[in-house]
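J.: any chance you can model this:
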Amino acid sequence: MVWQDMVIRLCIAIFAGAFIGTERQWRHRMAGLRTNALVSLGACLFVLLSVMVVKESSPTRIAAQVVSGIGFLGGGVIIREGFSIHGLNTAATLWCAAAVGTLVGSGFLTAAILGSFGVLLANILLRPVALFMNKKSTGQMPGHMNYVLSATCLDKDESHIRALLMHMVNTEGIDLKELYSEDIEYGKKVTVRASLHCDATKAVLIEKLVSQLSLEAGITAIGWKSLPEQEAE
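T.: The predicted structure is shown next:
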């Protein structure tokens, strides 16, 4: 491979990655213009290495390692906040930037350019469609949901857990429909179950109750789940 061809491929990889990153940069995401350009350039360099190695029996082997290796970088931009996960689109964009760089390094310039446009169009055009679908699905969700909170504690702590649970439920404004206990492990432990009812948008309150109860010394297991209306009835 002549050096002119190498320079052309590297330049296209940088510009293609930067082109993909413009949308992420515009939205102030963690991986923006420079990150996508560097990912595309790095993928291109790795593939160029396999092309330049003399008597390389499998030039796609390094490209395959790029595909798996980019997952570590993508995982770094994924953040979980409570029940929400942010950064999946940015991680997928980085993955696509690596794919574009791999195509450029392999010499498939037309496919790389088309792929760059495809990634940008997907991020721009599909965003309002996704937001519209989210609003529609949210509008169709039931106003209230039923939940079952289950806590396993030592037998001697049953009264304390029941009283604490009732106090916490009343404090958070959650409707308590039913509260009952069941002996397990030959009476050494008790499972306290509470049937709760609250606004579907406030499921975080149930998780708050579970988190607070889990700090009690007598609790050995705790969890919650939502129930369809037909099961709750």
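J.: tell me how many other residues crowd Thr110.
T.: A count of nearby residues for Thr110, using other CB atoms under 10 Å, gives 8. All C-beta atoms are positioned from the backbone trio N, CA, C, and that covers glycine.
J.: after the helix or strand containing it comes which helix or strand?
T.: Using DSSP states H and E, Thr110 falls within helix 109-139. On the C-terminal side of helix 109-139, the closest following helix or strand by DSSP H and E is strand 144-154.
J.: how far is that next one from where the chain is centred?
T.: 26 Å (CA atoms, centre = their mean, to the nearest Å).
J.: equivalent analysis for stretch 8-25, please.
T.: 25 Å.
J.: now stretch 151-171
T.: 33 Å.
J.: now do the helix holding Thr110: which elements does it pack against?
T.: Helix 109-139 is packed against helix 3-26, helix 88-106, with contacts defined by 3 or more CB pairs under 8 Å, 6 or more residues apart in numbering; DSSP states H and E.
J.: just those helices: most buried one?
T.: Highest mean neighbour count among these (mean count of other CB atoms under 10 Å): helix 88-106, with a mean of 24.
J.: residues contacting Val66?
T.: 42-43, 46-47, 98, 101-102 (CB atoms under 8 Å, 6 or more residues apart in numbering).
J.: give me phi/psi at Tyr186?
T.: Torsion angles at Tyr186 (phi, psi; degrees, to the nearest 10) stand at phi 60, psi 40.
J.: in this protein, what secondary structure element scores lowest on mean pLDDT?
T.: helix 229-232 (a mean of 44; mean pLDDT, DSSP states H and E).
J.: show me the chain divided up by domain.
T.: 3-138, 144-232 (automatic domain parsing).
J.: wait, doesn't Val104 sit right on Ile8?
T.: No. In this structure, Val104 is not within contact of Ile8 by CB atoms under 8 Å, at 9.2 Å.
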